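Student: turn this into a model:
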Amino acid sequence: MRRWSTGLPAEFVPKVFGDWAERQVPDARTIWAFRERLKQEGIHDFLFRQFNKHLEKSRFRANGGQIVDATFQEVPVQHNTPEEKQKIQETGEAPEEWTARKKAHKDVDARWTKKRNCLHYGYKNHINIDRRHKFIREYCVTSAQVHDSQCFTEMLNNRATSRKVWADSAYMSAANILEVEKKKLVPLINEKGHRGHTLTDAKKQENRQKSRIRCRVEHVFGLMNKVALGSRKIYTVGLVRAKVKVCFKNLAYNILRLTILMRPTGKLRTY
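Tutor: Residues are numbered from 1 along each chain as shown. Next up, the predicted model:
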């Protein structure tokens with residue numbers, strides 16, 4: 001255990017943080033060991049679900065429909081030889097000649113992908129939020145090269161009070177539309193044009209109307225990545241640990257969102 005460091009001159013700490021600065025808090029190693037134990041026991045997802053049950057039992061039910069989207073969770077780039085990269089891509093496992101120490105520090109699950117001419121390396125955090133309160137109700141973690149639409153149907157929340165589902169054009173496919181309708185939900189997915197089949201003005205207007213609601217999920221990513229919960233890069237090795245890290249990031253966002261909505265303003269805030 002070690003004392004928490006603010007990075008401020010010692011004389012300013014009591015003025016800014018009061019007695020709280022004198023308390024002992026767990027260091028990074030203790031937190032890592034605790035998170036590792038939760039991973040081994042498989043409790044992290046259980047904690048996320050339990051908090052959502054608490055929300056559903058209170059006045060924060062999944063109201064107004066649901067919005068689905070994904071964001072990148074980047075990890076430090078691995079510097080492997082071309083031969084090592086080929087073996088990892090073919091087998092999905094570390095080369096046999098690597099030592100146990102090297103294997104412990106090499107991520108063989110993260111993948112490269114390209115979006116809007118930008119390269120990303122790591123994983124994806126696929127989320128489903130409710131329209132009204134913007135809580136994360138469902139999530140899925142995959143490597144970065146997995147297309148957004150691959151986790152779409154498994155993240156649909158059947159407990160939502162509204163049957164409407166918003167998503168961007170990446171989720172538009174006949175198979176996804178069919179699955180949504182099978183669940184008796186209403187798909188409000190942005191359409192996309194193709195070469196030789198551009199969208200009409202009416203379709204573009206429909207997309208704008210859908211995007212006015214769908215964009216609420218971008219507020220979630222903005223808060224998670226910039227305001228309070230760190231950057232897009234996570235420092236873990238392997239998909240299993242990435243799932244635990246992202247799970248707690250999503251849970252921390254939900255807790256933070258709850259504190260925002262519970263501010264003593266005299267009424268429920270839904271911005």
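Student: let me see the ranges of the helices in the stretch 101-250 of the chain.
Tutor: Ranges of helices in the stretch 101-250 of the chain, per DSSP state H, counting those that start in this stretch, are 174-182, 201-214, 216-222, 239-261.
Student: right, and those helices - which one's nearest F48?
Tutor: Taking Cβ to Cβ, helix 239-261 is the member of those nearest to F48, at 5.0 Å. C-betas here are computed from N, CA, C, even on glycine.
Student: and that closest one, what's buried?
Tutor: Neighbour-count burial for helix 239-261 flags 239, 241-251, 253-254, 257-258, 261 (criterion: 16 or more other Cβ atoms under 10 Å).
Student: strands along the stretch 51-200 of the chain, start to end?
Tutor: Applying DSSP state E, counting those that start in this stretch to the stretch 51-200 of the chain gives strands spanning 66-74, 111-115, 118-130, 136-143, 164-167, 186-189.
Student: tell me what the fifth one is packed against?
Tutor: Strand 164-167 sits against strand 66-74, strand 186-189, helix 201-214, with contacts defined as 3 or more Cβ pairs under 8 Å, 6 or more residues apart in numbering; DSSP states H and E.
Student: just name the most buried of the ones you listed.
Tutor: strand 66-74 (a mean of 23; mean count of other Cβ atoms under 10 Å).
Student: now the angle from that strand to helix 201-214?
Tutor: Here strand 66-74 points in a direction 70 degrees away from that of helix 201-214 (axes from the mean of the first three to the mean of the last three Cα atoms, to 10 degrees).
Student: now the angle between strand 136-143 and strand 66-74, please.
Tutor: Computed by the same axes, to 10 degrees, the angle separating strand 66-74 from strand 136-143 equals 40 degrees.
Student: compute the inter-axis angle for strand 66-74 and helix 174-182.
Tutor: On the basis of the same axes, to 10 degrees, strand 66-74 is oriented at 140 degrees to helix 174-182.
Student: give me the helices and strands touching strand 66-74, please.
Tutor: strand 118-130, strand 164-167, helix 201-214, helix 216-222, helix 239-261.
Student: please export the C-alpha coordinates of that strand as PDB.
Tutor: The C-alpha atoms that make up strand 66-74 are tabulated as PDB, following Å, rounded to 0.1, in the frame of the first residue of the first chain:
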ATOM      1  CA  GLN A  66     -32.200   1.300 -27.600                       C
ATOM      2  CA  ILE A  67     -29.100   2.500 -29.600                       C
ATOM      3  CA  VAL A  68     -26.300   0.300 -30.700                       C
ATOM      4  CA  ASP A  69     -22.700   1.300 -31.700                       C
ATOM      5  CA  ALA A  70     -19.100   0.400 -31.200                       C
ATOM      6  CA  THR A  71     -15.800   2.200 -30.400                       C
ATOM      7  CA  PHE A  72     -12.200   1.100 -30.600                       C
ATOM      8  CA  GLN A  73     -10.200   0.100 -27.500                       C
ATOM      9  CA  GLU A  74      -6.600   0.400 -28.600                       C
END
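Student: quick check: the gap between R208 and P187.
Tutor: Using Cβ to Cβ, to the nearest Å, R208 is found at 17 Å from P187.
Student: any regions of the stretch 151-271 of the chain where pLDDT drops low?
Tutor: 227-232, 265-271 (pLDDT under 70).
Student: can you get me the start-to-end distance on stretch 54-64?
Tutor: 18 Å (Cα to Cα, to the nearest Å).
Student: buried residues of that stretch, list them for me.
Tutor: Neighbour counts using 16+ other Cβ under 10 Å place 55, 60-62, 64 of stretch 54-64 among the buried residues.
Student: would you reformat the residues you listed as TSV and include distance to S173 and pLDDT?
Tutor: Formatted as TSV, the buried residues of stretch 54-64 follow (distance: Cβ to Cβ, whole Å; pLDDT from 0 to 100):
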residue	distance to S173	pLDDT
L55	31	90
F60	32	90
R61	30	88
A62	24	88
G64	25	89
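Student: need the helices and strands packed on strand 164-167 in JSON lines with distance to Q89, can you?
Tutor: JSON lines is the format used below for the helices and strands packed on strand 164-167 (distance: least, Cβ to Cβ, whole Å):
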{"stretch": "strand 66-74", "distance to Q89": "19"}
{"stretch": "strand 186-189", "distance to Q89": "32"}
{"stretch": "helix 201-214", "distance to Q89": "34"}
